[in-house]
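In: Return atomic coordinates for the entry below.
(one chain, ligands or ions: 1)
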Amino acid sequence: MYKLVLMRHGESQWNLENRFTGWTDVDLTETGRQQAKQAGDLLKENGFEFDLAFASVLKRAIRTLWIALDSMDAMHTPIGLSWRLNERHYGALQGLNKAETAQKYGEDQVLVWRRAYAIAPDPVAEDDPRNPRFDARYARVPADQLPRTECLQDTVARVVPFWDESIAPAIRSGRRVLVTAHGNSLRALIKHLDGISDEDIVHLNIPTGQPLVYELDENLRPIRHYYLGDQEAIAA
Ligand SMILES: O=C1c2ccccc2C(=O)c2c1cc(NS(=O)(=O)c1ccccc1O)c(O)c2O
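Out: From the prediction side, this is the model:
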């Protein structure tokens, strides 16, 4: 039996402001940092150790991992970073809050987007400074693979290959793996692991800063999964 630990980054500044963040590289708030520290303490208390960790190339996930590993006194753990673990790209919605979104696109459109699996918001324009092609960290990614917007289906389509090529082989080789990522990139991973339908996945919400443990059989099929930590905080 293998164990895999997934964790959504702690609270970020735009989580606090209820803004669509996507690929915008906002940092953790002080609360977010504390959540990451508590998660590391919890993992240590429960005897978890890791041989390899993965994160996206967004600082809110990387810093969450750094803080958690530091509180486990495990900063020596090798870390693999990939754009494929990035949050879903929200296109032109990035930076907007609830009021601005409703005002700009209308409540009806918001409701359609909320429930949709395969509908993407307007993309950022080719020459928009937010286009990932202008960001040095994506320089080695083929331009046709870099999104200017995504629907959840698009996020699944770029996360799953990373699971197949990097995470699953590491687990099969006996490495104990920790992944710190984002709400939708973790949805993508969990959808693939548990075989969740397109309809149901849009309703799955993953709490921030709470380690989620997956026990996998020898074929990496989930046997069970559970959150570490106080269940009330998680259920909230
Ligand atoms: O507009 C969207 C949306 C648009 C495009 C793709 C995905 C989503 C999406 O997944 C979503 C939305 C709104 C809300 N709630 S909200 O309308 O209260 C809201 C709107 C804007 C910013 C933050 C908010 O909390 C959600 O809970 C969502 O999951």
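
In: Report the central residue of the chain.
Out: Nearest residue to the geometric centre of the chain (C-alpha atoms, centre = their mean): His182, 1.8 Å.

In: Could you count how many residues lie near Pro123?
Out: Counted with other C-beta atoms under 10 Å, residues neighbouring Pro123 total 15. From N, CA and C alone the C-beta is placed, and that goes for glycine too.

In: Now for it: which residues touch it?
Out: 91-92, 147-149 (C-beta atoms under 8 Å, 6 or more residues apart in numbering).

In: What helix or strand is the residue in the chain that the ligand sits nearest to located in?
Out: Going by C-beta to the nearest ligand atom, the ligand is nearest to Trp113 of the chain, at 3.4 Å. Secondary structure assignment for Trp113, by DSSP states H and E: helix 107-115.

In: pLDDT of that helix, averaged?
Out: Taken as a whole, helix 107-115 has a mean pLDDT of 96.

In: and the helix or strand that comes right after that helix, what other elements does it pack with?
Out: Following helix 107-115 in sequence order, the next helix or strand is helix 152-162 (DSSP H and E). Contact analysis of helix 152-162 by 3 or more C-beta pairs under 8 Å, 6 or more residues apart in numbering; DSSP states H and E lists helix 183-194 as its packing neighbours.

In: Please name every helix or strand in contact with the helix it packs on.
Out: So helix 183-194, by 3+ C-beta pairs under 8 Å, 6+ apart, packs with strand 2-8, helix 152-162, strand 177-181, helix 198-201, strand 212-216, strand 222-227.

In: can you pull the buried residues of the helix holding Trp113?
Out: Buried positions in helix 107-115, judged by neighbour count with 16 or more other C-beta atoms under 10 Å: Trp113.

In: before we move on, back to that, looking at the helices and strands packed on helix 183-194, which is buried most?
Out: Greatest average neighbour count among those goes to strand 177-181 (a mean of 27), per mean count of other C-beta atoms under 10 Å.

In: Count the residues that sit near the residue nearest to Val141 when sequence neighbours are not counted.
Out: Using C-beta to C-beta, 6 or more residues apart in numbering and skipping residues adjacent in sequence, the residue nearest Val141 is Trp83, 5.9 Å away. Close neighbours of Trp83, defined as other C-beta under 10 Å, add up to 20.

In: Touching, Trp83 and Tyr138? I think so.
Out: Yes: counting by C-beta atoms under 8 Å, Trp83 does reach Tyr138; the two are 5.9 Å apart.

In: Common neighbours of the two, please.
Out: In contact with both Trp83 and Tyr138: Val57, using C-beta under 8 Å, 6+ apart.

In: Need the residues that contact the helix holding Trp113.
Out: By C-beta under 8 Å, 6+ apart, helix 107-115 touches 101-102, 119, 121, 202.

In: State the pair within the residues you listed that is farthest apart.
Out: Largest separation among the contacts of helix 107-115 by C-beta to C-beta: Ala102 and Val202, giving 18.9 Å.

In: In terms of neighbours, single out the busier of these two.
Out: Between Ala102 and Val202, Val202 has the larger neighbour count (other C-beta under 10 Å), namely 17 against 14.
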